[in-house]
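Visitor: coordinates only, sequence not included:
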């Protein structure tokens, strides 16, 4: 102990050796980490291919067709549900999507082509009626009966299809939402969107359908009952509409991925999120036809008295250039192991004022899609 204290030069030599050893170890560690990072960068796939699907809630609208006779004639006794309640477009659709992302080696730029397609159909039908049975005349064998019906019915068939295409160039900005360890990409490019819908609506009703019976005494003890009056309506209506929007414009998006636990080699979980905005310039079209006929007939002692109330509107053909703002977002979780990823989450896209949902006059409607999605991705190259 006294020797170490009494020889400061030897102590300095030992300290210098320790510092040299520590520096060498640190340098070796840094070189090792850099080599591993470079190897991981070299192992990074240059191409990602992604396929998936989504169950989308459709939130769009069109003006309901309401023929005049629904309000001008009596309601059938059996009507308990509003006939207009069946008049809506499809409310959900299955959507398929695909994406290809190419990122060259030794580059922070990426190139993306993505497509989403959806199609759906809907058919609603409502029939309500009331009936009773009454005699229409007396015969030698007894009374002859006939059933009398009151009814109202409505039906709507509709279809919807949509497609969204994106072509973007992105730059990896190198940081995530929660600090280091995540990745973010700022992307810009063009977006194409197309929406189409068709609908066919029909109505029919007879709110009266009642008979008036009179009794005639031919001679004592013999009475004959005859149908002397009958009142009924024959109400019919139909409407057909075809609507579309096609637009193209610039788009900007920011996508980020944040690791939560694990590693890419052994399996890791990531939190993914993104936002997007676009401004689409395109054309909005609507072709509409509707007509209704209400015929009132009264049979009085064998003579028919008929009054018709036709109502037919000229066909409408509207076409207009429009600018449609679009915003969207998504969030979800991804499980990645090596060059394979499985993702699930929720996304939404809103296109404001995209379609013309009016009947006789133009009325803009938003086109909204939102719902859960799932994708599978495979990395190639690297």
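Guide: Looks like it came in fine. As the structure is a prediction and not an experimental result, all values here were calculated from the model.
Visitor: Give me the neighbour count for the residue nearest to residue 66 when sequence neighbours are not counted.
Guide: Nearest residue to residue 66, sequence neighbours excluded (Cβ to Cβ, 6 or more residues apart in numbering): residue 84, at 5.9 Å. Yep, even glycine has a C-beta here, placed from its N, CA and C like the rest. The number of residues packed near residue 84 is 17, by other Cβ atoms under 10 Å.
Visitor: what do you get for residue 356?
Guide: 26.
Visitor: Please report the distance of it from residue 363.
Guide: 7 Å (Cβ to Cβ, to the nearest Å).
Visitor: what about residue 106, is that helix, strand or coil?
Guide: coil (DSSP: H, G, I helix; E, B strand; the rest coil).
Visitor: residues near it, how many?
Guide: Neighbours of residue 106 using other Cβ under 10 Å come to 6.
Visitor: Point to the residue nearest the middle of the protein.
Guide: residue 58 (2.8 Å; Cα atoms, centre = their mean).
Visitor: give me the beta-bridge partners of that residue?
Guide: Counting by DSSP bridges, residue 58 forms beta bridges with residue 369.
Visitor: Could I get the contacting residues of it?
Guide: Residues near residue 58 by Cβ atoms under 8 Å, 6 or more residues apart in numbering: 89-93, 120, 160, 368-369.
Visitor: cool, and residue 374?
Guide: 52-54, 342-344.
Visitor: for residue 158, same thing?
Guide: 88-90, 121-123, 197-200.
Visitor: Please spell out the ChimeraX selection for the buried subset of the residues you listed.
Guide: Remark: buried members of the contacts of residue 158, expressed as a ChimeraX selection using 16 or more other Cβ atoms under 10 Å:
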select :88,89,90,122,197,198,199
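Visitor: So which of the contacts of residue 158 are in strands?
Guide: 121-123, 197-200 (DSSP state E).
Visitor: and the protein, what are its domains?
Guide: 1-43, 46-380 (automatic domain parsing).
Visitor: Direction included, what does the one helix or strand residue 94 maps to pair against?
Guide: According to DSSP states H and E, residue 94 maps onto strand 92-102. Taking DSSP bridges as the criterion, strand 92-102 forms sheet pairs with strand 47-59 (antiparallel), strand 109-139 (antiparallel).
Visitor: what are the bridge partners for residue 282, then?
Guide: Beta-bridge partners of residue 282, as defined by DSSP bridges: residue 247, residue 322.
Visitor: That one: what's it in contact with?
Guide: So residue 282 contacts 193, 245-249, 321-322, 324 (Cβ under 8 Å, 6+ apart).
Visitor: same thing but 7 Å
Guide: For residue 282, the contact set (Cβ atoms under 7 Å, 6 or more residues apart in numbering) comprises 245-248, 322, 324.
Visitor: now residue 81
Guide: 126, 128.
Visitor: can you rerun that using 10 Å?
Guide: 126, 128, 152, 154 (Cβ atoms under 10 Å, 6 or more residues apart in numbering).
Visitor: Tell me the secondary structure of residue 76, please.
Guide: coil.
Visitor: since we're on it, how many residues are nearby?
Guide: Residue crowding around residue 76 was assessed by other Cβ under 10 Å; the count is 21.
Visitor: Run through the stretch 51-200 of the chain and note the low-pLDDT ranges.
Guide: For the stretch 51-200 of the chain, residues meeting the criterion pLDDT under 70 lie at 78, 132-148, 174-181.
Visitor: got the phi/psi numbers for residue 69?
Guide: phi -70, psi -20 (degrees, to the nearest 10).
Visitor: That one: neighbouring residues, count only.
Guide: Around residue 69 there are 24 other residues, counting by other Cβ under 10 Å.
Visitor: Distance of it relative to residue 127?
Guide: Taken as Cβ to Cβ, the span from residue 69 to residue 127 is 17 Å.
Visitor: buried sites along stretch 241-258?
Guide: So, applying 16+ other Cβ under 10 Å, buried residues of stretch 241-258: 241, 243-245, 247, 249, 251, 253-258.
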